[in-house]
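S.K.: let me see the structure of the following:
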Amino acid sequence: PPILLSLYVIYCAVIATASAMRLMPVSWQIYFIPEAIIRQLVPTVAFLTVSWASMTYFLRHRTYEFLCSRSTLILILCLVAAPATMVAQGLKYQGDGAEHSALELYGALINNILIAVFFLTGYAFLRRGAPRWFGISAIVIIAIATPFLQFKILTIAILAMLVGFPGRLITRALIAAFVLVYAVELNHIPQVMMISSDSGIRLQFIADALRSLSDTYGVGIGYGTESVRWVYHFPNLPTFAFLPNTASMTSERLLEALSTGVHNSFVQALMRTGIPGFCLLVAAFFAAFPTAVAPRGARSHACVAFAMIFLACFVNPALESPVQVVGVGFIYGYLLALRRMT
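M.R.: Residues are numbered from 1 along each chain as shown. Here you go, the predicted structure:
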């Protein structure tokens, strides 16, 4: 299994045990339910499981071209069957209709889109002729149609690599830019909230997580309790009730609410497992960063894949959500296998 990721999961299990024994310090959190510990830990174990399986699969093939050899069925499942299923189930995103929501989610970094873009960029970087242009065209069309800024930024990075800019440099610059923007905007949350409530509330999540880290002296709050507040108060704005009143919630809905992430998996790890867990996760994550010795096409494709899962984890609760953790684990496992192959 991936060694660093395994160590992180083991450390999470230790923190979960300490949480069950009520040994973890507390911050502003109110509720604690022992049953929530397992629910909150399951996605982390799933990430390790999917990553290990993916790495094993890709190591057995040891070629780059196979990325596109069996992709037709996968793309149909990801780009046609999955959205059709969402519509059939009546899934709605931010109050939009089911059909419109399914179209919007083509730019969301959820499981089916992560896997589809992984193969589409394989076409773009590893194939020639019509397949290459199909991959590029599909990505550009999604970027134009989607309201999600992160996918548009990812597309710009893809196009830059396609015209010859170094993939590793672009990926490092993208990561640094997102970290810097968040660091600056954390000092201007009320102003950001006035412009975009979605961006503002995400920044407030992170600010609260950092406060929890400070209150627990870097140890973290552990598992079994909430990681976002129920109600938020911002200057010159109405009270923002993020979660419903607990009196009206079933036990299952309460467990779900306690497992709501802070929309940044790195900060989530920092909040729950403290500085040691955060360092282990970051080390495990960047152990998959593409090396400079891989062939140019495979290296550029790997850089896009790494940038994609970084964005998924940095702007969403990817490692805490079943709708993202499979796709992230699939790509992470491939990146680990690529490093071993090169």
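
S.K.: pLDDT score for L105?
M.R.: Listed pLDDT for L105 reads 84.

S.K.: W230 too?
M.R.: 82.

S.K.: pretty sure R39 is touching L254, no?
M.R.: No. Using CB atoms under 8 Å as the test, R39 is too far from L254 to be in contact (10.7 Å). C-beta here means a position set from N, CA and C on the backbone, and glycine is covered the same way.

S.K.: just checking, S259 touches P317?
M.R.: No. If you go by CB under 8 Å, S259 and P317 don't touch, sitting 9.2 Å apart.

S.K.: the more surrounded of these two?
M.R.: Applying other CB atoms under 10 Å to S259 and P317 shows that P317 carries more neighbours, namely 24 against 19.

S.K.: how about the more buried one, what does it touch?
M.R.: 260-265, 268, 324 (CB atoms under 8 Å, 6 or more residues apart in numbering).

S.K.: 10 Å - rerun?
M.R.: 43, 205, 227-228, 259-265, 267-268, 323-325 (CB atoms under 10 Å, 6 or more residues apart in numbering).

S.K.: make a PyMOL selection of the buried ones in those.
M.R.: Selection of the buried residues among the contacts of P317 in PyMOL, burial being defined by 16 or more other CB atoms under 10 Å:
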select buried, resi 43+205+227+228+259+260+261+262+263+264+265+267+268+324+325
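
S.K.: hmm, back to that, name the residues contacting each of S259 and P317.
M.R.: 43, 227.

S.K.: packing partners for the longest helix anywhere in the chain?
M.R.: If you go by DSSP state H, the chain has its longest helix at helix 35-61. With contacts taken as 3 or more CB pairs under 10 Å, 6 or more residues apart in numbering; DSSP states H and E, helix 35-61 sits against helix 3-20, helix 66-69, helix 251-258, helix 265-286, helix 325-341.

S.K.: overlap in contacts, R39 and L254.
M.R.: Common contacts of R39 and L254 (CB under 10 Å, 6+ apart): I33.

S.K.: shaky segments in the chain?
M.R.: For the chain, the stretches flagged by pLDDT under 70 are 62-69, 94-96, 98, 242-244, 246-247.

S.K.: can you count the residues close to G218?
M.R.: The burial count for G218: 13, using other CB under 10 Å.

S.K.: for it, which three-state class applies?
M.R.: coil (DSSP: H, G, I helix; E, B strand; the rest coil).

S.K.: quick check: it vs T44, distance?
M.R.: Using CB to CB, to the nearest Å, we find G218 at a distance of 20 Å from T44.

S.K.: can you add distance to G97 and give the helices and strands packed on helix 35-61 back as CSV?
M.R.: Output for the helices and strands packed on helix 35-61, formatted as CSV (distance: least, CB to CB, whole Å):
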stretch, distance to G97
helix 3-20, 39
helix 66-69, 34
helix 251-258, 24
helix 265-286, 30
helix 325-341, 25
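
S.K.: out of those, which is closest to L79?
M.R.: Nearest to L79 among the helices and strands packed on helix 35-61 is helix 325-341; the distance by CB to CB comes to 13.3 Å.

S.K.: how many degrees apart are that closest one and helix 35-61 in direction?
M.R.: 40 degrees (axes from the mean of the first three to the mean of the last three CA atoms, to 10 degrees).

S.K.: my guess is G297 contacts G164, does it?
M.R.: No. Counting by CB atoms under 10 Å, G297 stays clear of G164, with 12.0 Å between them.

S.K.: out of those two, which sits in the more crowded spot?
M.R.: More crowded of G297 and G164, by other CB under 10 Å: G297, with 18 against 9.
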